[in-house]
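J.: here is my input; please provide its structure:
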Amino acid sequence: MTPYYHNYLQLDKILGSQQPISFEAGNEPAHDEMLFIIIHQAYELWFKQILFELDGISAIFNKESINDNTEDAGIILQRINRINKILHLLNEQVHILDTMTPLDFLSFRNLLAPASGFQSVQFRLIEAKLGLRMQQRHRAAYYKRTNEGGFTDVDYAVINAVEQAPSLVVHLNNWLERMPFLNKELWVKFSTDASTDTPINTHPFWNTYRKLYADSLNVYEKNKLADFDYILLNYRGNLTEEQCSELRQQFTATALQAALFIILYRNYPLFQTSFQIIDALIETDHLLGTWRHEHINMVRRMIGMRVGTGNTSGAGYLEGAAQMHYIFKDLAGLSTFLIERRKLPALPDAVLQHLTYG
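T.: Numbers count the residues shown, from 1 in each chain. Alright, predicted model coming up:
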């Protein structure tokens, strides 16, 4: 059959899927309910595309190895950037709802209960596939509800299955741990600082870098050296269990060493795409955080401090989620451990040969 625009896009299904409850017999038609439905349907279509991109990224990471000299890393970066562009668009889309006043919303709001945006299975899957763990969630019990206002049993089973599968955080951690540039045999001729004092016997580069970092701290920042030791060297020292949990949540010390090394030496050809992947994922977190804050502002404007239609605490719940639901916090925090570029240690020839495709 010859493709035809209307049929190819299945516009009969799409354009016929807006069914405002307020327009049903016995209800007072609310003009703005149509906008409300279309906005949220558009969200869900874009969520579907984000999930499609995440599945494509996972398929690449599931390979036995990723060669930075091939297109693999470039495709991963392209797809993360596409996700970020979509998130930019979704953040702008929130403002279209601002054309609806609180009184406009109240004209149909009560008809929606107990349905709620909380029940967006696709958004929950996006968070899970990116790597948001249950123990990181604000009021985790909310996410396990299958009663009124929660998920259906079928949807909950789908969500549970995805949460048990390897996330993008897991794939990225494994990829970073495989980075070969810190293999000690490449650093035999590294000129290290003999006066370096480290709490554990570690890699010659990190022995030197730790001293350079310690020297860079001002009098108010000296406590950051203990953070450095735990996050990058896995040395706990006098830190409590709670402090350790807050300092490093999802990535291993080995993976974060590789990530920081990539950030420090990102201008070398072989690291440029890897650095952009790390930077793009930090941007993903930022954009999701922006979306949550935009949502909080919208909810406050529309319903003040009333409870949500799904029986959550409304804006109060959203504020807690916005504070806690960061996925790539470990990567974003690496900027804490940067030093001036001019003070970076010179790399040995054995490492340089790898970094310049030589």
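J.: low pLDDT regions in the stretch 151-300 of the chain?
T.: 193-199, 201 (pLDDT under 70).
J.: in it, which spans are helices?
T.: Using DSSP state H, counting those that start in this stretch, the helices found in the stretch 151-300 of the chain span residues 153-164, 168-177, 204-216, 224-233, 241-247, 253-264, 269-303.
J.: list the contacts of the first one.
T.: If I follow you right, that is helix 153-164. Identification of contacts with helix 153-164 by Cβ atoms under 8 Å, 6 or more residues apart in numbering yields 119, 121, 124-125, 128-129, 133-134, 144, 146, 150-151. Glycine gets a C-beta too; all of them are placed from N, C-alpha and C.
J.: how about that helix: buried residues?
T.: Within helix 153-164, the residues that count as buried by 16 or more other Cβ atoms under 10 Å are 155-156, 159, 162-163.
J.: looking at these, which one is closest to Leu35?
T.: Distance to Leu35 across those (Cβ to Cβ) is lowest for Asp155, with 25.7 Å.
J.: measure the closest one to Asp55 for me?
T.: 18 Å (Cβ to Cβ, to the nearest Å).
J.: Asp98 now?
T.: 33 Å.
J.: give me every residue that touches Leu125.
T.: By Cβ under 8 Å, 6+ apart, Leu125 lies in contact with 51, 158-159, 162.
J.: swap the cut-off to 10 Å and go again
T.: Applying Cβ atoms under 10 Å, 6 or more residues apart in numbering to Leu125 gives the contacts 47-48, 50-51, 54, 155, 158-159, 161-163.
J.: now swap in Phe328 and tell me
T.: So, once contact is read as Cβ under 10 Å, 6+ apart, Phe328 ends up touching 130-131, 168-169, 172, 249-251, 278, 280-286, 288.
J.: one more pass at 7 Å, please.
T.: Taking Cβ atoms under 7 Å, 6 or more residues apart in numbering, we find Phe328 in contact with 281-282, 284-285.
J.: let me know the closest of those to Ala226.
T.: Ile282 (23.6 Å).
J.: from memory that closest one sits against Gly333, does it?
T.: No - if you go by Cβ atoms under 7 Å, Ile282 and Gly333 don't touch, sitting 9.7 Å apart.
J.: give me the common contacts of those two.
T.: By Cβ under 7 Å, 6+ apart, no residue touches both Ile282 and Gly333.
J.: touching, Asp227 and Glu246? I think so.
T.: No - contact criterion Cβ under 7 Å: Asp227 and Glu246 do not qualify, at 9.9 Å.
J.: what about those two, which has more around it?
T.: Asp227 (20 against 12; other Cβ atoms under 10 Å).
J.: thinking again about what came up before, which of the contacts of helix 153-164 scores worst on pLDDT?
T.: Least confident of the contacts of helix 153-164 in the model: Met134, at 69.
J.: next one, pLDDT for Thr70 please.
T.: 71.
J.: send me stretch 265-282 as PDB with only the CA atoms.
T.: C-alpha atoms of stretch 265-282 as PDB (Å, rounded to 0.1, in the frame of the first residue of the first chain):
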ATOM      1  CA  TYR A 265      42.900  15.300  30.300                       C
ATOM      2  CA  ARG A 266      39.800  15.700  28.100                       C
ATOM      3  CA  ASN A 267      41.700  17.600  25.400                       C
ATOM      4  CA  TYR A 268      43.500  14.500  24.300                       C
ATOM      5  CA  PRO A 269      41.800  13.100  21.200                       C
ATOM      6  CA  LEU A 270      40.900   9.700  22.700                       C
ATOM      7  CA  PHE A 271      39.200  11.300  25.700                       C
ATOM      8  CA  GLN A 272      37.100  13.900  23.900                       C
ATOM      9  CA  THR A 273      34.000  11.800  23.200                       C
ATOM     10  CA  SER A 274      34.300  10.000  26.600                       C
ATOM     11  CA  PHE A 275      34.400  13.400  28.400                       C
ATOM     12  CA  GLN A 276      31.400  14.600  26.400                       C
ATOM     13  CA  ILE A 277      29.400  11.500  27.400                       C
ATOM     14  CA  ILE A 278      30.100  12.200  31.100                       C
ATOM     15  CA  ASP A 279      29.300  15.900  30.700                       C
ATOM     16  CA  ALA A 280      26.100  15.100  28.800                       C
ATOM     17  CA  LEU A 281      24.800  12.800  31.500                       C
ATOM     18  CA  ILE A 282      25.500  15.500  34.200                       C
END
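J.: buried set for that stretch?
T.: Neighbour-count burial for stretch 265-282 flags 265, 268, 270-271, 273-282 (criterion: 16+ other Cβ under 10 Å).
J.: among the contacts of helix 153-164, which ones are buried?
T.: Buried among the contacts of helix 153-164 (16+ other Cβ under 10 Å): 119, 121, 124-125, 128-129, 150-151.
J.: which one of the residues you listed is nearest to Lys184?
T.: Of those, the one sitting nearest to Lys184 (Cβ to Cβ) turns out to be Lys129, at 35.0 Å.
J.: how close does that closest one sit to His40?
T.: Distance from Lys129 to His40, by Cβ to Cβ: 21 Å.
J.: one more: Leu334?
T.: Counting by Cβ to Cβ, the gap from Leu334 to His40 is 36 Å.
J.: more neighbours: which of those two?
T.: Shown here are Leu334 and His40; by other Cβ under 10 Å, Leu334 has more neighbours (20 against 14).
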